[in-house]
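A.B. asks: following is a predicted model, sequence given first.
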Amino acid sequence: MWDILKVMYDNDPLMVFEIYKHLFDLKQGDRSVLEFYSELKGLIDKLKMYQPAVTDAATLRGYRQDFVVSKFVSGLSPAVGSQVQGQILGGDSIPTLIVTFLRVMPVYTGSEISSAPSIE
């Protein structure tokens with residue numbers, strides 16, 4: 001049974017992105033604190049199914065990478081984000097932030113980038 005659940009919830013970068021996006025956008029608004037908390041808690045519980053607690057450093061770095069890339073993509077303008085979301089999240093894993101940036105820039109500028117930005 002655990003193997004079936006692992007296959008169902010493992011390696012779904014689009015679902016992880018959607019959960020993060022919902023978390024980034026979540027606000028109390030006109031709802032009660034209890035309703036807001038309940039929705040937040042539900043999203044966190046759902047995220048735990050896709051990114052369970054681990055002690056492996058490489059896996060934790062992967063989770064952090066998923067988080068920052070998801071934030072970057074979800075924060076893009078709708079015109080740019082809608083064009084790049086599929087190519088960034090369509091694979092078996094979410095690419096690094098720099099790879100994501102390099103995929104976004106040609107869409108944003110309308111031309112290919114010849115070199116990577118300096119990271120200092």
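C.D. replies: Sure thing, it's come through.
A.B. asks: tell me where this protein has helices.
C.D. replies: Per DSSP state H, the chain carries helices over the ranges 2-9, 13-25, 33-50, 57-75, 78-89, 97-109.
A.B. asks: what helices or strands is the third one leaning on?
C.D. replies: This points to helix 33-50. helix 13-25 (3 or more C-beta pairs under 8 Å, 6 or more residues apart in numbering; DSSP states H and E). Every C-beta, even on glycine, is put in place using the N, C-alpha and C of the backbone.
A.B. asks: so what secondary structure elements neighbour the helix it packs on?
C.D. replies: helix 33-50, helix 57-75, helix 78-89.
A.B. asks: nearest to P13, of those helices?
C.D. replies: When those are compared by C-beta to C-beta, helix 78-89 sits nearest P13, at 5.0 Å.
A.B. asks: same question for that closest one, mean pLDDT?
C.D. replies: The average pLDDT for helix 78-89 rounds to 87.
A.B. asks: how far away is the closest residue to Q85 other than its chain neighbours from Y108?
C.D. replies: Sequence neighbours aside, V73 is the residue nearest to Q85 in space, at 6.0 Å (criterion: C-beta to C-beta, 6 or more residues apart in numbering). Look at V73 and Y108: by C-beta to C-beta, to the nearest Å, they are 12 Å apart.
A.B. asks: and these two? Which one has more around it.
C.D. replies: The neighbour comparison of V73 against Y108 (other C-beta atoms under 10 Å) goes to V73, with 22 against 15.
A.B. asks: quick one: residues contacting the more buried one.
C.D. replies: By C-beta atoms under 8 Å, 6 or more residues apart in numbering, the contact list for V73 reads F17, G81, V84, Q85, I88, L89, T100, V104.
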